[in-house]
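Peer 1: Turn this into a structure:
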Amino acid sequence: VQLQASGGGVVQAGGSLRLSCAASGRTFTNYVMGWFRQAPGKEREFVARIRWSGGSTYYADSVKGRFTISRDNAKNTVDLQMNSLKPEDTAVYYCAAKVFTTSGYDYWGQGTQVTVSS
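Peer 2: Residues are numbered from 1 along each chain as shown. Prediction:
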């Protein structure tokens, strides 16, 4: 499994960014795809996840109502639309994948930096 994250950048507070994770290496029907982030000096934290089959989603309280996770079956990508960005959203964002029956994420992409200026 290979995951390639892209779309990070620098944006002002209140702005938007869209991250994309290109997934390859197998069929992801039985997978859950997630986005995580890690800010400087902090532990990595969960942001959002989506079940590839059916599209059910779940969000961290800190991003609920501002971020939207989606997947494109044809392109094999998982996107994270981030609106109303805040300086505290600044972090390296990672996409990850796991079989939906397991507890931990088995596959991780490289991170993409998101910086929100005040």
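
Peer 1: so where do the strands sit in this protein?
Peer 2: Ranges of strands within the chain are 2-6, 9-12, 17-24, 31-38, 45-51, 57-59, 67-72, 77-82, 91-99, 107-108, 112-117, based on DSSP state E.

Peer 1: Redo those strands as CSV? Include mean pLDDT and mean neighbour count.
Peer 2: (Glycine included, C-beta is placed from N, CA and C.) As requested, these are exported to CSV (pLDDT from 0 to 100; neighbours: other C-beta atoms under 10 Å):
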stretch, mean pLDDT, mean neighbour count
strand 2-6, 96, 16
strand 9-12, 98, 13
strand 17-24, 97, 19
strand 31-38, 97, 22
strand 45-51, 97, 19
strand 57-59, 97, 15
strand 67-72, 96, 18
strand 77-82, 97, 22
strand 91-99, 97, 21
strand 107-108, 96, 16
strand 112-117, 98, 17
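
Peer 1: Return the distance of the residue positioned nearest the centre of the chain relative to Val114.
Peer 2: With distances taken as C-alpha atoms, centre = their mean, Trp35 lies nearest the centre of the chain, 2.6 Å away. Per C-beta to C-beta, to the nearest Å, Trp35 is found 11 Å from Val114.
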